[in-house]
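> Just need the structure, nothing else, for what follows:
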Amino acid sequence: APVLAMAIEVLACSVLIVMGFGHLGETLLKGTQAIAGGFALLCAGMALMDGAVSIALLFLAAGLLGLARASQFGIDHVRGRRGLGVIG
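Coordinates of the predicted model:
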C-alpha cells in the first residue's frame, strides 16, 4: 500500500510540475512557484516514506504555501502603485 500511495503522489506532483512549466511562458513567478510547490510536495512524500515526519511537515507547509501563492490573483496581474508606499 505505501508503494502505491507513493506512485500516485509522484504522478500528482509530476502533473503540478508540468503545469508549472506551462505557466513559465505567461508569468515567470507563477510558474516558478508552482514548480517549487510541486517539488516540495514530492519531497514531503519522500520524507514520510523515510519516517521523518517533522521534515515532511515542513515540506508540506512550504509546498502548500507555494501553490497557494501561485494561484493568487496578484501574481497574474501587476498591481498599480498607490500612495507613497505606505502599508495599508
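
> From His23, how far out is Ser71?
10 Å (CB to CB, to the nearest Å). In short, each C-beta sits where N, CA and C put it, glycine included.

> Who has more neighbours out of those two?
Ranked by neighbour count (other CB atoms under 10 Å), Ser71 and His23 place His23 first, with 19 against 13.

> Ser54: how many residues sit nearby?
With other CB under 10 Å as criterion, Ser54 counts 7.

> Helices of this structure, start to end?
2-23, 28-50, 53-70, 73-76 (DSSP state H).

> Number of residues surrounding Met6?
Using other CB under 10 Å, the number of residues around Met6 comes to 15.

> quick one, what contacts Pro2?
The contact partners of Pro2, taken as CB atoms under 8 Å, 6 or more residues apart in numbering, are Met49.

> Turn the helices of the chain into a markdown table, including mean pLDDT.
Formatted as a markdown table, the helices of the chain follow (pLDDT from 0 to 100):
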| stretch | mean pLDDT |
| --- | --- |
| helix 2-23 | 87 |
| helix 28-50 | 89 |
| helix 53-70 | 90 |
| helix 73-76 | 57 |
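
> what about stretch 18-35, start to end distance?
One end of stretch 18-35 sits 8 Å from the other (CA to CA, to the nearest Å).

> Give me the buried positions along it.
Within stretch 18-35, the residues scored as buried using 16 or more other CB atoms under 10 Å are 20, 23, 27, 30-35.

> Stretch 50-63 too?
Applying 16+ other CB under 10 Å to stretch 50-63 flags 56, 59-60, 62-63 as buried.

> Contact partners for the closest residue to Gly20 other than its chain neighbours?
Nearest residue to Gly20, sequence neighbours excluded (CB to CB, 6 or more residues apart in numbering): Ala34, at 3.2 Å. With contact set as CB under 8 Å, 6+ apart, Ala34 has these partners: 16-17, 19-20, 23, 66-67, 70.

> same question, Met49
2, 6.

> Quickly note the distance from it to Gly38.
Met49 is 17 Å from Gly38, by CB to CB.

> ditto for Gly22
Gly22 is 12 Å from Gly38, by CB to CB.

> Equivalent analysis for Gly31, please.
Per CB to CB, Gly31 is found 11 Å from Gly38.

> All good on my end, thank you.
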